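> please find the sequence and the predicted model below.
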Protein chains: 2
Amino acid sequence: VRKVNSGKGDSVFRADSLRAFCEEIFLSCGMAQEDAAILADSLVQANLRGVDSHGVTRVGIYVKRLKMGLVNPRPNIEVVRESDATLLVDGDNGMGQVVGVRALDLGLDKAKESGGVSVGVRRSNHYGAGAYYVQRAVARDTIAFAYSNAPPTMAPWGGVDPYVGTNPYAYGVPAGEHQPIILDMATSIVARGKIILAAERDESIPEGWAVDKRGNPTTNAREALEGSVLPFGGPKGYAISLMIDIMAGALAGAGFGPRVNSLYDNFDEPQNVGAFFQLIDIGHFAEPATFKTRVDRIIEEIKSSRKAVGTEEIFLPGEIEYRKELQRRASGIPVGSETVAELREVGRSCGVDMTAFVSQA
Amino acid sequence: VRKVNSGKGDSVFRADSLRAFCEEIFLSCGMAQEDAAILADSLVQANLRGVDSHGVTRVGIYVKRLKMGLVNPRPNIEVVRESDATLLVDGDNGMGQVVGVRALDLGLDKAKESGGVSVGVRRSNHYGAGAYYVQRAVARDTIAFAYSNAPPTMAPWGGVDPYVGTNPYAYGVPAGEHQPIILDMATSIVARGKIILAAERDESIPEGWAVDKRGNPTTNAREALEGSVLPFGGPKGYAISLMIDIMAGALAGAGFGPRVNSLYDNFDEPQNVGAFFQLIDIGHFAEPATFKTRVDRIIEEIKSSRKAVGTEEIFLPGEIEYRKELQRRASGIPVGSETVAELREVGRSCGVDMTAFVSQA
């Protein structure tokens, strides 16, 4: 079971120290320098944005799979099919972030030329936070959609047994004077990690989050984990999760439905996760400056619009995470004691001494 | 206020008769033969699929706007920018369906070559049901996403005043032996038409559908119409609606936010609705037959999976509408008496005698 930070007894680390420590660990697992750096950066970036569920808490399971030979530390990432507007990339079972960034960057180069590129990724692994990819695209004046499928934890609408994953949906839109709009969400009502945490603490969960294995609504976190999480927005959110499984799985040629293997529970096979990116170069539709002025106007109009009772401020997608990032860059990243202990142990098993790298902020 | 069928005292019409009648009306408004046929077909196709809110009940308002000079019956639809993978189309204020189908078809031709095409549409109008476009794409072995923005009726999350529309999100995925997967949904919890209907009948609406003009939850349909409809899935559905406004509005150069004018309430200006299509040719990623077999497997696995208590059958997106279409093709389209009366009157005002065209089934 994956660790979730408890918030109590947190240690606080500087981002660059944490990044260097993780990088050294991944290097010790046989990854190339550049790849280890990408992977560490993706995790620490998630922590900076306050998305701790996709941060350094994943180091343990990543290392475990690398050491068991379930992930290829030195993948031969290959372009299988290619046109001016499409890319199909075989990840050779590399780390999801390494494969994802390589595929994305190839797509971004193409998008500048052709204006729009669809990128399919197969034979990959858990790719971390979707925001990481769309932020990278936005930095190159590109609007991006990032989809990845995931092991089945969500039943079809009207069903009981998990079929699709909590398949994350992310998009990024560049702005002008303001921060870009960055959406990154699970297609379930809540991340499964929150239910795991509740189960560990023997707490109940709100109604509407999950059903038990008989398909009945449950507030019992343990029963929920044996059942299915529920999609956001009922059948509509489910339909988006299904779409992602079709694009990232069936179209890209990765696993789909029950053929995507669990990161945490399957230690016999690679995950065969898929991903799909849609990249649109702004300049092929409008002058980038004009478009960004429009996005700025949208942001300003929304920010200044009348607030509902009880709302202190209206936020754009990604705005809360951006503020958290500023704060954590300044005053460090809090990491829960369980995760710290696990990281120290993982480091030790890799011959990497945490104290040498990580100075607490 | 737009008419919604009551279900009581319906007349039943054959699809081809209804189509011919509508076509003749649009011809009388100065539209070209081919364009009138597309528009009539889009409406009747929505009726066939049981989506009566986007069917012939729209003829009245379309004709009104055509006659008032608010829509251009003979648009000079123009490709403004173009690459192998992108198209930006100016609709010259033509009917949304006419502009949409022209832009889509140009995009579909390109997609066969380049593998993936993004199509922006500006200076257009209400484009009817999004399913119409993705079904057209699916028939050409193309996966399609269709987005359109709409006049503001939904507040930003945390806000009170409408900013984004119920911006519809549609996708289509070809299958093999089974029917394609066709999703077409509003990004609001329910179509606004249902609230209008409740208001007309002095009925209350369920909690969670809308807020009043002070932003408080309401079950009063009239208060809801003065307030905002709520997005599906809370902030997540809102984020998707916002994305559509950015793509179809800000990127394509159409209206966005409050700059999209109402179909029903603004008789001074064109709507300036935008649309955006993302088209992906299957063959650039997989053998089409292989992909379709995978989609068939997904469909079969979902259909045969264990059902929740109270569920008789699990449906794929678009499946219920497909069954309705089979049924209505066989036994006709029921049309409410108010809509029939309005259609007869609209016909009369256009010199088109309903009885000459429409034989009841």
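Structure received. Numbering: from 1, shown residues only, chains lettered A, B, ... in the order given.

> please count neighbours and contacts with C-alpha atoms only from this point.
OK.

> what segments of chain A are helices?
For chain A, the helices defined by DSSP state H cover A:15-28, A:33-48, A:59-67, A:96-114, A:131-138, A:192-200, A:221-226, A:235-244, A:288-303, A:319-331, A:337-349, A:354-357.

> average model confidence for the shortest one?
Looking back up the chat, that one is helix A:354-357. Across helix A:354-357, the average pLDDT comes to 88.

> cool, and the second one?
Here helix A:33-48 scores 98 as its mean pLDDT.

> residues near residue A:179, how many?
15 (other C-alpha atoms under 10 Å in any protein chain shown).

> looks like residue A:206 contacts residue A:224 (just checking).
No: at 10.9 Å, residue A:206 and residue A:224 do not qualify as touching, with contact defined as C-alpha atoms under 8 Å.

> more neighbours, these two?
Looking at residue A:206 and residue A:224 with other C-alpha under 10 Å, you find the greater number of neighbours at residue A:224, namely 26 against 13.

> any idea how far chain B is from the more buried one?
Separation of residue A:224 from chain B (C-alpha to the nearest C-alpha, to the nearest Å): 15 Å.

> what's near enough to touch that residue?
For residue A:224, the contact set (C-alpha atoms under 8 Å, 6 or more residues apart in numbering or on different chains) comprises A:195, A:210-213, A:218.

> look up which residues are beta-bridged to the closest residue to residue A:316 other than its chain neighbours.
Spatial nearest neighbour of residue A:316, excluding adjacent residues (C-alpha to C-alpha, 6 or more residues apart in numbering or on different chains): residue A:181 at 6.6 Å. With DSSP bridges as the criterion, residue A:181 is bridged to residue A:173.

> residue A:181: neighbouring residues, count only.
25.

> swap in residue A:29?
19.

> same question for residue A:139.
Neighbour number of residue A:139 under other C-alpha under 10 Å is 13.

> how close does it get to chain B?
From residue A:139 to chain B the distance is 17 Å (C-alpha to the nearest C-alpha).

> pretty sure that residue is touching residue A:175, no?
No: using C-alpha under 8 Å, residue A:139 is not in contact with residue A:175; the gap is 10.2 Å.

> any residues in contact with both of the two?
Counting by C-alpha under 8 Å, 6+ apart, nothing touches both residue A:139 and residue A:175.

> tell me which two in the contacts of residue A:224 are the farthest apart.
Within those, A:195 and A:213 form the most distant pair, 14.7 Å apart (C-alpha to C-alpha).

> the two: who's more crowded?
residue A:195 (24 against 18).

> and that one, how far from residue A:114?
According to C-alpha to C-alpha, to the nearest Å, residue A:195 and residue A:114 sit 44 Å apart.

> with residue A:215 instead?
On the measure of C-alpha to C-alpha, residue A:215 and residue A:114 end up 47 Å apart.

> how about the worst-scoring helix or strand of chain A on mean pLDDT: buried residues?
Every helix and strand in chain A was compared by mean pLDDT, DSSP states H and E; the lowest is helix A:192-200, with a mean of 83. For helix A:192-200, the neighbour count (16 or more other C-alpha atoms under 10 Å in any protein chain shown) marks A:192, A:195-199 as buried.

> can you redo these as a markdown table with distance to chain B?
Shown next, in a markdown table, are the buried residues of helix A:192-200 (distance: C-alpha to the nearest C-alpha, whole Å):
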| residue | distance to chain B |
| --- | --- |
| A:192 | 16 |
| A:195 | 19 |
| A:196 | 22 |
| A:197 | 22 |
| A:198 | 22 |
| A:199 | 23 |
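
> what sits closest to residue A:309 if chain neighbours are left out?
Using C-alpha to C-alpha, 6+ apart, the nearest residue to residue A:309 is residue B:215, at 7.0 Å.

> residue contacts, the one you found?
So residue B:215 contacts A:308-309, B:159-161, B:227-228 (C-alpha under 8 Å, 6+ apart).

> can you tell me which of those has the most neighbours?
residue B:228 (31 neighbours).

> so what's the nearest residue to residue A:328 once chain neighbours are set aside up against?
Once flanking residues are discounted, residue A:328 sits nearest to residue A:48: 5.7 Å by C-alpha to C-alpha, 6+ apart. By C-alpha under 8 Å, 6+ apart, the contact list for residue A:48 reads A:15, A:324-325, A:328-329, A:333.

> now pLDDT too, for those residues, in TSV please.
Below are the contacts of residue A:48 laid out as TSV (pLDDT from 0 to 100):
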residue	pLDDT
A:15	96
A:324	98
A:325	98
A:328	97
A:329	97
A:333	96
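
> and of these, the nearest to chain B?
When those are compared for distance to chain B (C-alpha to the nearest C-alpha), residue A:324 wins out at 18.8 Å.

> how near is that closest one to residue B:236?
For residue A:324, the distance to residue B:236 - C-alpha to C-alpha - is 20 Å.

> residue A:275 too?
20 Å.

> now flag whichever of the contacts of residue B:215 is closest to residue B:31.
Scanning these for proximity to residue B:31, where the rule is C-alpha to C-alpha, the winner is residue B:228, at 35.2 Å.

> how far away is the spatially most central residue of chain A from residue A:163?
With distances taken as C-alpha atoms, centre = their mean, residue A:129 lies nearest the centre of chain A, 1.8 Å away. With distances taken as C-alpha to C-alpha, residue A:129 is found 21 Å from residue A:163.

> one more: residue A:104?
27 Å.

> when the two are compared, which one has more neighbours?
The residue with more neighbours, out of residue A:104 and residue A:163, is residue A:104; 29 against 25, by other C-alpha under 10 Å.

> surely the more buried one is in contact with residue A:119?
Yes: counting by C-alpha under 8 Å, residue A:119 is a contact partner of residue A:104 at 7.3 Å.

> identify the contacts common to the two.
With C-alpha under 8 Å, 6+ apart, residue A:104 and residue A:119 have common neighbours residue A:277.

> and the residue nearest to residue A:337 when sequence neighbours are not counted, what's its pLDDT?
In this structure, residue A:337 finds its nearest non-sequential neighbour in residue A:10, 5.5 Å apart by C-alpha to C-alpha, 6+ apart. pLDDT recorded at residue A:10 is 83.

> what does the one 4 residues further on give?
Residue A:14 is assigned a predicted lDDT (pLDDT) of 95.

> how about the residues of the stretch 201-350 of chain A near chain B?
Contacts of the stretch 201-350 of chain A with chain B, taken as C-alpha under 8 Å from any C-alpha of the partner chain, map to A:214-216, A:232-234, A:236-237, A:239, A:246, A:250-253, A:257, A:280, A:282, A:284-286, A:291, A:294-295, A:298, A:302, A:305-309, A:311, A:313-315, A:317.

> neighbours of the closest residue to chain B within the stretch 201-350 of chain A, just the number please.
Relative to chain B, the nearest point of the stretch 201-350 of chain A is residue A:233 (3.6 Å; C-alpha to the nearest C-alpha). The tally of other residues near residue A:233 (other C-alpha under 10 Å) stands at 22.

> can you check residue A:132 too?
Using other C-alpha under 10 Å: residue A:132 sits among 23 other residues.

> restricted to strands, list the contacts of residue A:224.
A:210-211 (DSSP state E).

> which one of the contacts of residue A:224 is nearest residue B:61?
Nearest member of the contacts of residue A:224 to residue B:61, counting by C-alpha to C-alpha, is residue A:210, at 43.6 Å.

> skipping its backbone neighbours, what lies nearest the closest one in space?
residue A:229 (4.2 Å).

> so that neighbour is in contact with residue A:196, correct?
No: Residue A:229 is not in contact with residue A:196 according to C-alpha under 8 Å; the separation is 11.3 Å.
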